[in-house]
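In: Sequence first, predicted coordinates after that:
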Amino acid sequence: MRPYPAVYMMSNRRHGALYVGVTGDLARRVWEHREGVYPGFTQTYGLKHLVWYEPHDLISEAIRREKALKHYRRDWKIALIEAVNPTWDDLYAGLV
């Protein structure tokens, strides 16, 4: 699969901790989260499940969307996830 810009959310469980991120290569970046390649919030809280993502044509669009999502309330982010992934499945397998 060809890399593409995306904004995404990681979690440790249904209604658990959430992380909003942006990347130019979603499959690679989620793998890094899952493997704990870089120390930080996702490693500390065990956020290894990709529960939502939104592809973009341009990285600038993805960055703009990520900044907007970070200002949204938690319940709005949960509603966004559950609109496309009501059971909070890990979507990583569908990327690779």
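Out: Received, thanks.

In: pLDDT of the lengthiest helix in the chain, averaged?
Out: Here the longest helix in the chain is taken by residue count, with DSSP state H as the criterion, and it is helix 59-71. Average pLDDT, helix 59-71: 96.

In: Pull out the buried positions in it.
Out: Taking 16 or more other CB atoms under 10 Å as the neighbour-count basis, helix 59-71 is seen to contain the buried residues 62, 65-66, 69. To be clear about C-beta, it is placed using only N, CA and C from the backbone, and glycine gets the same treatment.

In: what do you get for stretch 2-14?
Out: Applying a neighbour-count criterion of 16+ other CB under 10 Å, one finds 4-11 buried in stretch 2-14.

In: In helices only, show me those.
Out: Among the buried residues of stretch 2-14, DSSP H puts none in helices.

In: List phi and psi for Pro55.
Out: The main-chain torsion angles of Pro55 are listed as degrees, to the nearest 10 and equal phi -70, psi 150.

In: Could I get the contacting residues of Trp52?
Out: By CB atoms under 8 Å, 6 or more residues apart in numbering, the residues touching Trp52 are 8-9, 80-81, 84-85, 91.

In: sorry, that was for Arg73
Out: No contacts exist for Arg73 under CB under 8 Å, 6+ apart.

In: Run through the helices of the protein in chain order.
Out: 26-35, 41-44, 59-71, 74-84.

In: which one of those lies closest to Tyr53?
Out: Shortest separation from Tyr53 across these is recorded for helix 26-35, at 6.0 Å, computed as CB to CB.

In: for the closest one, which positions count as buried?
Out: Within helix 26-35, the residues scored as buried using 16+ other CB under 10 Å are 26-27, 29-30, 33-34.

In: now the angle from that helix to helix 59-71?
Out: Going by axes from the mean of the first three to the mean of the last three CA atoms, to 10 degrees, helix 26-35 is angled at 40 degrees with respect to helix 59-71.
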